[in-house]
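Enquirer: need coordinates for the following:
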Amino acid sequence: MAQSPSRRVVVTGMAVLCPVGNDLETAWERLIAGQSGITAITRFDASRIASRIAGEVKGFDPADHLDKRAARRMDPYAQFAVATARSAVEHARLDVAAEPERIGAIVASGVGGLLTFQEQTRILLEKGPERVSPFFIPMMIPNMASAHVSLDLGLKGPVTSVCTACAAGSNAIGDAFEIIRRGAAVAMLAGGSEASVNETGVAAFAAMRALSTRNDAPEEASRPFDAGRDGFVVGEGAGVLVLEEREHAVARGATIHAEVVGYGMSADAFHLTLPDETGEAQARAMGLALAQAGLEPQEVAYVNAHGTATESGDIAETRAIKLAFGEHAGSVAVSSTKSMTGHLLGGAGAIEAVFCVKSITEGVIPPTTNLTDPDPQCDLDYVPNVARRTEVGVAMSNSFGFGGHDVSLLFRRHDG
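Expert: Below you'll find the model as predicted:
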């Protein structure tokens with residue numbers, strides 16, 4: 001295939017598996033209705049942990065999606081990825097078997113097989129090294145979501161992984177976008193998956209004092225941009241988009257949901273876990289995405305914020321949006337869907353990219369719930385508590401990860 005930076009990339013399929021729904025339509029309906037998927041933890045006894053709430057995926061049975069033997073050799077994060085990838089391909093009506101060498105996958109994870117790590121370490125300590133599973137490493141390492149998707153669907157094009165903490169899902173989409181633009185594939189499955197609602201994951205984040213401890217009211221615990229916010233809520237699940245070269249999509253008569261037009265990356269170079277509160281690097285990622293897309297800030301109707309409900313993170317992102325959007329910052333609608341889903345870590349950017357595309361196709365912006373007492377330092381239009389019906393021609397998705405990884409993606413309504 002000839003190399004060409006002018007190739008256009010469109011979204012032809014999407015799927016999510018997340019705390020507000022195990023399929024796209026259910027999740028979207030609940031999101032627009034402002035329904036929270038955050039509950040008391042049911043997976044394990046969390047009584048000794050300060051934070052006892054999470055955004056769990058509910059009612060997921062791997063046997064409904066996978067061969068039982070294959071499922072036993074996958075950590076839940078990989079199970080989520082394969083199930084969601086299958087749904088995304090079905091939604092796109094893409095015949096991957098017709099040209100497997102031209103289709104690839106990047107399904108990211110911020111943590112990888114944490115439950116496998118927890119359980120196998122327990123076996124090592126309690127029963128000895130001879131009882132450790134030979135599948136320990138293949139189930140744990142974070143590239144296995146992409147690997148299993150490739151194996152399951154027979155994808156032989158570019159298959160890789162990215163591990164940039166909470167920015168990983170967005171990096172995966174952006175990297176897949178660039179792979180198609182340069183002509184290395186005609187389609188890519190791109191997104192992220194995470195399954196960190198386990199004792200190790202929740203205890204570790206709680207030890208950092210990063211989590212909300214509003215245990216008596218789980219649905220009210222995730223409060224982005226609110227003065228009463230006290231940390232994020234761990235979530236789990238996966239999101240996958242089918243990105244496709246536009247000419248290829250048009251030729252096969254695919255439904256085009258939106259076009260990917262911008263991908264910006266930057267680094268804070270500031271702290272292991274805290275953002276640079278000036279917002280400078282985050283603003284630079286947004287500016288790079290706008291520049292690649294050839295768009296002005298006033299053309300963006302909606303920003304799906306990283307918005308985790310941490311004290312410093314929400315302030316930094318607010319400042320970053322002001323720097324990137326200038327006079328338009330007060331006019332752009334900004335919301336954090338983490339108020340309902342919790343924070344899916346490496347899967348967050350993926351489901352939020354899907355929500356951006358849905359906002360374009362449906363003409364509605366999901367709300368930031370639990371925003372009852374706005375922080376004076378967070379003074380933008382955060383679409384508080386009630387979804388807003390309005391035309392969305394361009395939507396931005398922001399993801400910022402531990403280590404200072406900043407990513408912004410831009411989606412535009414397809415011009416037909």
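Enquirer: hey, let's count contacts and neighbours off CA atoms from now on
Expert: OK.
Enquirer: contact partners for Ala187?
Expert: Neighbouring residues of Ala187 by C-alpha atoms under 8 Å, 6 or more residues apart in numbering: Arg102, Ile103, Gly104, Ile180, Val242, Leu243, Glu244, Glu245.
Enquirer: just give the closest residue to it, not the sequence neighbours.
Expert: The shortest distance from Ala187 to any residue other than its chain neighbours is 4.2 Å, reached at Glu244 (C-alpha to C-alpha, 6 or more residues apart in numbering).
Enquirer: what does the pLDDT read for that neighbour?
Expert: Per-residue pLDDT puts Glu244 at 98.
Enquirer: beta partners for it?
Expert: Note on Glu244: beta-bridge partners Val10, Ala187, judged by DSSP bridges.
Enquirer: ranges for the helices of the stretch 1-150 of the chain?
Expert: Secondary structure of the stretch 1-150 of the chain (DSSP state H, counting those that start in this stretch): helices at 24-32, 68-72, 76-92, 114-127, 136-140, 144-153.
Enquirer: and the first one, what's buried?
Expert: By that I understand helix 24-32. Leu24, Ala27, Trp28, Arg30, Leu31, Ile32 (16 or more other C-alpha atoms under 10 Å).
Enquirer: packing partners of that helix?
Expert: strand 9-17 (3 or more C-alpha pairs under 8 Å, 6 or more residues apart in numbering; DSSP states H and E).
Enquirer: cool, and the last one?
Expert: Helix 144-153 is packed against helix 76-92, strand 103-108, strand 159-160, with contacts defined by 3+ C-alpha pairs under 8 Å, 6+ apart.
Enquirer: which of these sits most buried?
Expert: Stretch with highest mean neighbour count among these: strand 103-108 (a mean of 33; mean count of other C-alpha atoms under 10 Å).
Enquirer: okay, buried residues for the helix or strand bottoming out on mean pLDDT in the chain please.
Expert: Taking mean pLDDT, DSSP states H and E as the measure, the chain has helix 68-72 as its least confident helix or strand, at a mean of 91. Residues of helix 68-72 classed as buried: Ala71 (neighbour count, 16+ other C-alpha under 10 Å).
Enquirer: what lies in contact with it?
Expert: Against helix 68-72 from outside (C-alpha under 8 Å, 6+ apart): Pro62, Ala63, Gln79.
Enquirer: and with 7 Å instead?
Expert: Pro62, Gln79 (C-alpha atoms under 7 Å, 6 or more residues apart in numbering).
Enquirer: before we move on, what about stretch 357-371?
Expert: 31-32, 34, 220, 223-226, 257-258, 335-337, 339-340, 382-393, 411, 413.
Enquirer: quick check: buried residues in stretch 390-405?
Expert: Residues of stretch 390-405 classed as buried: 392-405 (neighbour count, 16+ other C-alpha under 10 Å).
Enquirer: rebuild the residues you listed as JSON lines, extending it with secondary structure, distance to Gly253 and pLDDT.
Expert: Converted to JSON lines, the buried residues of stretch 390-405 look like this (DSSP: H, G, I helix; E, B strand; the rest coil; distance: C-alpha to C-alpha, whole Å; pLDDT from 0 to 100):
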{"residue": "Val392", "secondary structure": "coil", "distance to Gly253": "24", "pLDDT": "98"}
{"residue": "Gly393", "secondary structure": "coil", "distance to Gly253": "22", "pLDDT": "98"}
{"residue": "Val394", "secondary structure": "strand", "distance to Gly253": "23", "pLDDT": "98"}
{"residue": "Ala395", "secondary structure": "strand", "distance to Gly253": "25", "pLDDT": "98"}
{"residue": "Met396", "secondary structure": "strand", "distance to Gly253": "27", "pLDDT": "98"}
{"residue": "Ser397", "secondary structure": "strand", "distance to Gly253": "27", "pLDDT": "98"}
{"residue": "Asn398", "secondary structure": "strand", "distance to Gly253": "31", "pLDDT": "98"}
{"residue": "Ser399", "secondary structure": "strand", "distance to Gly253": "32", "pLDDT": "98"}
{"residue": "Phe400", "secondary structure": "strand", "distance to Gly253": "36", "pLDDT": "97"}
{"residue": "Gly401", "secondary structure": "strand", "distance to Gly253": "37", "pLDDT": "96"}
{"residue": "Phe402", "secondary structure": "coil", "distance to Gly253": "41", "pLDDT": "94"}
{"residue": "Gly403", "secondary structure": "coil", "distance to Gly253": "42", "pLDDT": "94"}
{"residue": "Gly404", "secondary structure": "coil", "distance to Gly253": "41", "pLDDT": "94"}
{"residue": "His405", "secondary structure": "strand", "distance to Gly253": "37", "pLDDT": "97"}
